[in-house]
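Participant: Next one to model:
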Amino acid sequence: MRLSTPRISPLTPDHWTQEARTALALTHPELGGPDRPINVFTTLAHHPALLERFLALGNFMLFHTNLEPKDRQLLILRTGYLCKSKYEWGHHRTISKRAGLSDAEIERVKLGPNVPGWTPRQVTLLQTADELHADQHVSDATWQALEQLFDTKLLMEVMMVVGLYTLLSMSLNTFGVQLDPGVTCDVDFPA
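Facilitator: The predicted structure follows:
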């Protein structure tokens with residue numbers, strides 16, 4: 001983790017306001033559910049209105065988009081890696097395995113789109129994440145490749161997944177949100 005202690009500590013249940021409880025009730029069961037929400041959500045519980053709106057978008061982007069789960073996870077893992085977010089990498093390594101990515105594919109995400117082993121579709125997705133991270137824009141060549149793969153709704157979802165997980169990674173890194181119990185992150189980010 002970039003910070004060894006939180007700048008904003010997660011709220012414990014005895015400090016949840018009614019508004020925080022209402023927002024935390026929206027936590028998806030795969031992410032701890034309302035009874036055991038993970039640190040990202042109990043940290044955001046300091047601002048219940050923000051948490052509620054974040055969960056609406058976050059739950060949609062993670063569980064209800066039309067993107068294939070493997071495609072979505074490639075985008076999220078690459079974004080988390082580029083943003084040097086151990087929290088995102090640790091959680092999404094597990095989610096990516098459930099989505100069907102192999103351990104070798106997950107490890108290869110660190111190396112980016114220009115290494116052997118990726119399909120053309122995967123290269124395009126990883127290239128998209130790289131370009132958005134580096135320039136907050138997708139090149140014409142990458143856009144044309146994306147248009148061969150996705151309709152307009154999916155093109156929008158690809159951009160929004162990368163954007164959302166960039167926002168989340170920056171916030172987690174800055175707030176010092178620590179890994180949840182049982183989650184590990186063995187990745188070393190480049191300097």
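Participant: Now do the strands in the chain.
Facilitator: Taking DSSP state E as the criterion, the chain contains no strands.
Participant: how does it divide into domains?
Facilitator: By the assignment in automatic domain parsing, the chain contains the domains 13-63, 66-175.
Participant: Contacts only, for the nearest residue to residue 65 once chain neighbours are set aside.
Facilitator: Spatial nearest neighbour of residue 65, excluding adjacent residues (C-beta to C-beta, 6 or more residues apart in numbering): residue 157 at 4.7 Å. (C-beta placed from N, C-alpha, C; glycine too.) Residues near residue 157 by C-beta atoms under 8 Å, 6 or more residues apart in numbering: 61, 65-67.
Participant: Over to residue 34?
Facilitator: For residue 34, the contact set (C-beta under 8 Å, 6+ apart) comprises 21, 24-27.
Participant: quick one, longest helix in this protein?
Facilitator: helix 152-175 (DSSP state H).
Participant: got the CA coordinates for that helix in CSV?
Facilitator: Written as CSV, here are the backbone C-alpha positions of helix 152-175 (Å, rounded to 0.1, in the frame of the first residue of the first chain):
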residue,chain,number,x,y,z
THR,A,152,-22.2,2.3,-29.2
LYS,A,153,-23.4,1.3,-25.8
LEU,A,154,-20.5,-1.0,-25.2
LEU,A,155,-18.0,1.7,-26.5
MET,A,156,-19.4,4.0,-23.8
GLU,A,157,-19.2,1.3,-21.1
VAL,A,158,-15.5,0.6,-22.0
MET,A,159,-14.6,4.3,-21.4
MET,A,160,-16.7,4.5,-18.3
VAL,A,161,-15.2,1.4,-16.7
VAL,A,162,-11.7,2.8,-17.1
GLY,A,163,-12.7,6.2,-15.9
LEU,A,164,-14.6,4.9,-12.9
TYR,A,165,-11.7,2.6,-11.8
THR,A,166,-9.2,5.5,-12.3
LEU,A,167,-11.3,7.6,-10.0
LEU,A,168,-11.6,4.8,-7.5
SER,A,169,-7.9,4.0,-7.6
MET,A,170,-6.9,7.6,-7.0
SER,A,171,-9.3,7.9,-4.1
LEU,A,172,-8.2,4.6,-2.5
ASN,A,173,-4.5,5.5,-2.8
THR,A,174,-5.0,9.0,-1.4
PHE,A,175,-7.4,8.0,1.4
